[in-house]
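> I would like to see how this sequence folds:
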Amino acid sequence: MIEEPYRWVEAIANRREYIEAQLAPGSPIAALGYGAGILFLTLGQRRQKIFEVYDRIAMGAIGHPGDIERLRMAAIELASTEGFTRSAADVSLRRLVHYSLSPLMKGAFEQVYGAPYLARMLFAEIGERPADDLFLRLEYDGEIATNGATFSQARQDFAVLSGTGQSRELMESFLKAEHRADGSFETALKVALDAWTIGHMTLQASDAKELPGRAVVEKYRQEQLANTGIEAGVLERDASRAIRYRSLSDTELRPLIND
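Purely as a prediction, here's the structure:
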């Protein structure tokens, strides 16, 4: 009997190692607040990674497509139920993640005889002002990270998602230096592309510890853009619009990159 807790801890450690290995190749996602909204961006060829959830909320995810879809549908159902029983204005990203999705993912992760969710998710909720925007990252074990200020860090007007912690940290370091929340959409687009490039480069070189030079980033970005498509979406800040979320096509964005 004494060995049982240790076996559970070992099983959890093995499960975490397995999930991290499965998520490691996932194409990074950058979400940046700017003057008129929030931009989600990634590059890829095969499957969709950016979605609308409800009214002022959008999400990006990496992981197994089936698990992402199950979690996306759960988020939509929860938000729709809340909006129907109360009002659309009462649907809150904090309630959605903290009280519903996080416990769901934590429970699945800790039940060692069942399948965990192979997914890492990034949510954003648009506010009336850039200072009111909310970003939440939700891990496969239910852990939540927000962009809010704490005793150890300042509030951030962006969030990123990637397959490894090292890749995510370098993307965040770049955005802390380069991103401006009051900038234009075109500026946010180019900064998001550079952040994605740095994240993807780091996934290919596991020993990377410092930000690469601008020339290296630009060269790698051009190589990737030649072979992959841009997937993007925006949450628009204009409260007069009935639908806040809008998908952006690759052909719509290419001319803006080269300006």
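
> partner strands of the helix or strand that contains residue 32 and their direction?
Following DSSP states H and E, the helix or strand that holds residue 32 is strand 29-34. Strands adjacent to strand 29-34 in the sheet, as given by DSSP bridges, are strand 37-44 (antiparallel), strand 158-161 (antiparallel).

> closest to residue 251 out of those strands?
strand 37-44 (14.4 Å; C-beta to C-beta). The way it works is simple: take the backbone N, C-alpha and C, and place the C-beta from them, glycine included.

> which stretches of this protein have low pLDDT?
1-6, 148-154, 206, 259 (pLDDT under 70).

> all helices of it, in order?
4-23, 65-85, 93-96, 102-110, 165-178, 185-204, 214-225, 250-257 (DSSP state H).

> what's the most buried one of those helices?
Highest mean neighbour count among these (mean count of other C-beta atoms under 10 Å): helix 185-204, with a mean of 21.

> orientation of that helix relative to strand 37-44 in degrees?
Angle of helix 185-204 versus strand 37-44, following axes from the mean of the first three to the mean of the last three C-alpha atoms, to 10 degrees, is 40 degrees.

> distance from the chain centre to helix 185-204, please.
13 Å (C-alpha atoms, centre = their mean, to the nearest Å).

> now swap in stretch 54-67 and tell me
Distance, centroid of stretch 54-67 to centroid of chain: 8 Å (C-alpha atoms, centre = their mean).

> same check, this time on stretch 61-76
Its chain's average C-alpha position is 13 Å from that of stretch 61-76, according to C-alpha atoms, centre = their mean.

> go on, stretch 229-244?
16 Å.

> same question for stretch 251-259.
Its chain's C-alpha centre and that of stretch 251-259 lie 23 Å apart, by C-alpha atoms, centre = their mean.

> could you dump that stretch to PDB, C-alpha only?
Provided in PDB are the C-alpha atoms of stretch 251-259 (Å, rounded to 0.1, in the frame of the first residue of the first chain):
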ATOM      1  CA  THR A 251      -3.900  36.000 -49.900                       C
ATOM      2  CA  GLU A 252      -5.300  39.000 -47.900                       C
ATOM      3  CA  LEU A 253      -2.200  39.200 -45.700                       C
ATOM      4  CA  ARG A 254       0.700  38.600 -48.100                       C
ATOM      5  CA  PRO A 255       0.600  42.100 -49.600                       C
ATOM      6  CA  LEU A 256       0.800  43.700 -46.100                       C
ATOM      7  CA  ILE A 257       3.900  41.700 -45.200                       C
ATOM      8  CA  ASN A 258       5.800  43.000 -48.200                       C
ATOM      9  CA  ASP A 259       4.900  46.700 -47.700                       C
END
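
> what sits up against it?
185-186, 189-190, 193, 225, 230, 232 (C-beta atoms under 8 Å, 6 or more residues apart in numbering).

> residue 155 is in contact with residue 147, isn't it?
Yes - Residue 155 is within contact range of residue 147, at 6.2 Å (criterion: C-beta atoms under 8 Å).

> more neighbours: the two, which one.
residue 147 (19 against 13; other C-beta atoms under 10 Å).

> can you tell me which residues contact that one?
Residue 147 touches 133-136, 155-159, counting by C-beta under 8 Å, 6+ apart.

> now swap in residue 114 and tell me
residue 108.

> distance of it from residue 223?
41 Å (C-beta to C-beta, to the nearest Å).

> coming back round to it: make CSV out of the helices of the chain and add distance to residue 36.
Listed next are the helices of the chain as CSV, based on distance: least, C-beta to C-beta, whole Å:
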stretch, distance to residue 36
helix 4-23, 32
helix 65-85, 23
helix 93-96, 19
helix 102-110, 30
helix 165-178, 18
helix 185-204, 6
helix 214-225, 24
helix 250-257, 14
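
> residue 243: which of these is closest?
The nearest among the helices of the chain, by C-beta to C-beta, is helix 65-85 at 14.0 Å.

> what lies in contact with that closest one?
47, 51, 53-55, 57, 59, 61-62, 90-92, 95-96, 100-101, 104-105, 117-119, 121.

> let's go with 7 Å and repeat that
When contacts are defined by C-beta atoms under 7 Å, 6 or more residues apart in numbering, helix 65-85 is touched by residues 47, 51, 53-54, 57, 59, 61, 90-91, 96, 100-101, 104, 117-119, 121.
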